[in-house]
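1. For reference, the sequence and a predicted model appear below.
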Amino acid sequence: MSEKNPTRRGDSIAPAGKVRSDVADFVRKVGQLARPNAGEDGRLLFAMDATMSRQPTWDMAVSLQAGMFEAIPKDAALQVQLIYFRGLGECRASKWVVDAKALGRMMSTIACQGGNTQIGRVLNHARDEHRQRRIHALVYVGDAIEENVDALCAKAGELGLMGLPLFVFQEGRDPRVEAAFKEFARLSKGAYARFNSGAPQQLADLLKAVAAYASGGRAQLKLQPSGAARALLTQIEGR
């Protein structure tokens, strides 16, 4: 059965303490993952819902994405591919890039448009790309589900069997969306966290945490300045 009544901007925001707990738990789970083939360049697929309600968060992500590249080891590279959906059936993926400016330029040319979610197409694309060459992490940022959740769970489970973890960042607090997003993360052996759109540093640190994992596994995550978990907690407590 498809999910309706998606969470959109303007819905109530989770209490700061709850968000802080979710984010800290997410970073802890990322740190527990052991990425294979740590000697090769990291590959991160960055997926975003670009339907109309997402424009403010999209604009925020454009300004924050460069931080992902700051999290990688100096002797390694992080390859990032952007995939987004919007409008009436549009779902597009960029080329793979290793340059923050190139990714920023691509994102800055995209305007959000009204439409339904296409998470299934994102997961299918991730599966197909991973079969060609390993992807170390898939990040998805969104606030709603308007698709068959059971079908999406099956796709997330397939990614888990392939060794591609899904890191789901939820904006808003629709409990049905949260339950589904957490299940996607569990089935793919990834992790979940919620962020507040009014606190951009939360999303920035989440993106850095996954970039660190994708490029160097748990060891690189631990080498982040002040520690990823401590940085997240410091930023949230200060708001």
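-> Sure thing, it's come through. Numbering: from 1, shown residues only.

2. switch to C-alpha atoms for all contacts and neighbour counts from now on
-> Fine.

3. Show me where this protein dips below the pLDDT cut-off.
-> Where the chain drops to pLDDT under 70, the residues are 1-40, 64-76, 197-200, 216-239.

4. what ranges do the strands span in it?
-> For the chain, strands defined by DSSP state E occupy the ranges 42-49, 78-86, 90-93, 137-142, 166-171, 191-195.

5. Compare those strands and give me the one nearest Ser108.
-> strand 78-86 (11.9 Å; CA to CA).

6. For that closest one, name the packing helices and strands.
-> Applying 3 or more CA pairs under 8 Å, 6 or more residues apart in numbering; DSSP states H and E, we find strand 78-86 packed against strand 42-49, strand 90-93, helix 200-222.

7. quick revisit: tabulate the strands of the chain in a markdown table, adding columns for mean neighbour count and distance to Gln118.
-> Conversion of those to a markdown table gives the following (neighbours: other CA atoms under 10 Å; distance: least, CA to CA, whole Å):
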| stretch | mean neighbour count | distance to Gln118 |
| --- | --- | --- |
| strand 42-49 | 24 | 8 |
| strand 78-86 | 22 | 6 |
| strand 90-93 | 15 | 7 |
| strand 137-142 | 24 | 11 |
| strand 166-171 | 26 | 15 |
| strand 191-195 | 26 | 19 |
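
8. want to try CSV for those, with distance to Ser108 as columns?
-> Listed next are the strands of the chain as CSV, based on distance: least, CA to CA, whole Å:
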stretch, distance to Ser108
strand 42-49, 13
strand 78-86, 12
strand 90-93, 14
strand 137-142, 17
strand 166-171, 20
strand 191-195, 22
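
9. ok so, going back, now for the helices and strands packed on strand 78-86, which one comes closest to Asp150?
-> Proximity to Asp150 (CA to CA) singles out strand 42-49 among the helices and strands packed on strand 78-86, at 19.4 Å.

10. the inter-axis angle of that closest one versus strand 78-86?
-> 20 degrees (axes from the mean of the first three to the mean of the last three CA atoms, to 10 degrees).

11. Show me the helices in this protein, by range?
-> In the chain, the helices defined using DSSP state H lie at 16-32, 55-64, 66-70, 100-108, 119-132, 149-162, 175-187, 200-222, 228-237.

12. mind listing what's buried in the fourth one?
-> Residues of helix 100-108 classed as buried under the neighbour-count rule (16 or more other CA atoms under 10 Å) are 100, 103-104, 107.

13. Show me what it is packed against.
-> helix 55-64, helix 66-70.

14. Same check on the second one?
-> Packing contacts for helix 55-64, counted by 3+ CA pairs under 8 Å, 6+ apart, involve helix 100-108, helix 200-222.
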